[in-house]
Every structure is written in C-alpha cells, then in structure tokens.
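Q: quick one: sequence and predicted model below, then my questions.
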Amino acid sequence: MIAAYPFTTLAPNLGVVDVDEMRSFTIADIPGLIEGAHEGLGLGVRFLKHIERTRLLAHIIDVSPYSERDPVQDFHTVMKELSAFNPDLASRNQILVANKIDLLPSESQRIEGLRALSVEKGMRFLAVSALKKIGLKPLLGAMISELDRLDDEAD
C-alpha cells in the first residue's frame, strides 16, 4: 500500500546542468516542504538547510487536478516555511513553475492562479510538463538567465 502523503522523497537530489563547454551549475531537487517544516516536522529542517546554499529558487508546483491540492496554497505554505526558517530565503530570486500541464484542459484555473501569483510577486512564470518534456528548454533558459543576472550583480 502506498501512503497518502503529499511528499515521500527522503533525500534531496543533486545534479549538474552543463550550459555549454565553459559553464555549468548545480541544481538541487528539494522535495516539497510540509507545514511545520521549520519546526522540524517531516524532514523539513534537513531540507531547509540545503536550500540555504542556493542562489535561485524554482518552485515546481503540481497543477494536476488529481493532486486535490491548491497550487497557490502550496506556494504560500512553502514561502511561510522558508520565511520562518530563514527570512533571507524568502527574498531570494525565484521562478514559479506550473508542472503537469499535460494533465489539464487548456487554460485551466489551476495555471491561471499561479500565473496571477507570479505577477503579484514579480516572479518569472513558466508552465511545463516534466514527463512529456514540454517547456523544459524555456525553463532552463530562464534559470540560466537569472543565474547570469545574479553573477553580474555580484561583480
């Protein structure tokens, strides 16, 4: 029997993205944070410590109707946990990504809610299907662009 938990990953996954022959960056896939993570619920503090080492956050949010979750509320929950753990985390550069768009009818309210949130927060917004490989190149381009901008600001 599979447990009805929203997240079951026990460890972050690290990988290297090769941009070109001269550039690469490390990406960390941090599983979703549950409410109370900053207080030690679940594996939250362990995951939050990994996030402290990042320069850019890409929130990949499940918009499929099968999750029975509110994508906008999921974003707010994660932001609350980031802020409670370390207020600096919530102010880092962020990209908002709607995932599993292949499971939605065209123009779904589930995507539009996140799109409106991204405008409100001043974040880039992308819609993707990781499974079907839809929108991944624009997502990679947005990540590279944001990281390049952060590098320019640091110089």
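A: Noted; the coordinates are in hand. As the structure is a prediction and not an experimental result, all values here were calculated from the model.
Q: only C-alpha atoms from now on, for both contacts and neighbour counts.
A: Noted.
Q: what is the burial count for Thr26?
A: 10 (other CA atoms under 10 Å).
Q: by contact count, what packs against the helix or strand containing it?
A: Per DSSP states H and E: Thr26 is located in strand 24-29. Strand 24-29 is packed against strand 13-18, with contacts defined by 3 or more CA pairs under 8 Å, 6 or more residues apart in numbering; DSSP states H and E.
Q: now the strand it packs on: buried residues?
A: In terms of neighbour count (16 or more other CA atoms under 10 Å), strand 13-18 has no buried residues at all.
Q: endpoints of stretch 62-70, how far apart?
A: This stretch, stretch 62-70, spans 9 Å end to end (CA to CA, to the nearest Å).
Q: quick one: contacts of that stretch?
A: Here stretch 62-70 makes contact (CA atoms under 8 Å, 6 or more residues apart in numbering) with 71, 98-101, 103-104, 110-111.
Q: buried subset of the residues you listed?
A: For the contacts of stretch 62-70, buried by 16+ other CA under 10 Å: 71, 98-101, 110-111.
Q: using CSV, lay out these together with pLDDT, distance to Asp29 and secondary structure.
A: Putting the buried ones among the contacts of stretch 62-70 into CSV (pLDDT from 0 to 100; distance: CA to CA, whole Å; DSSP: H, G, I helix; E, B strand; the rest coil) gives the following:
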residue, pLDDT, distance to Asp29, secondary structure
Pro71, 92, 18, helix
Ala98, 94, 15, strand
Asn99, 93, 14, strand
Lys100, 93, 16, coil
Ile101, 94, 19, helix
Arg110, 86, 23, helix
Ile111, 91, 22, helix
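Q: Val17: which of those residues is nearest?
A: The closest of those to Val17 turns out to be Asn99 (CA to CA; 19.4 Å).
Q: out of the contacts of stretch 62-70, who's nearest Val128?
A: Checking these against Val128 with CA to CA, the nearest one is Asn99 at 4.9 Å.
Q: can you name the residues bridging to that closest one?
A: Asp62 (DSSP bridges).
Q: ok, it to Phe47 distance?
A: Asn99 is 21 Å from Phe47, where distance means CA to CA.
Q: what does Asn86 give?
A: From Asn86 to Phe47 the distance is 12 Å (CA to CA).
Q: which secondary structure element of the protein has the lowest mean pLDDT?
A: Using mean pLDDT, DSSP states H and E, helix 44-51 stands out as the lowest-scoring helix or strand of the chain, at a mean of 70.
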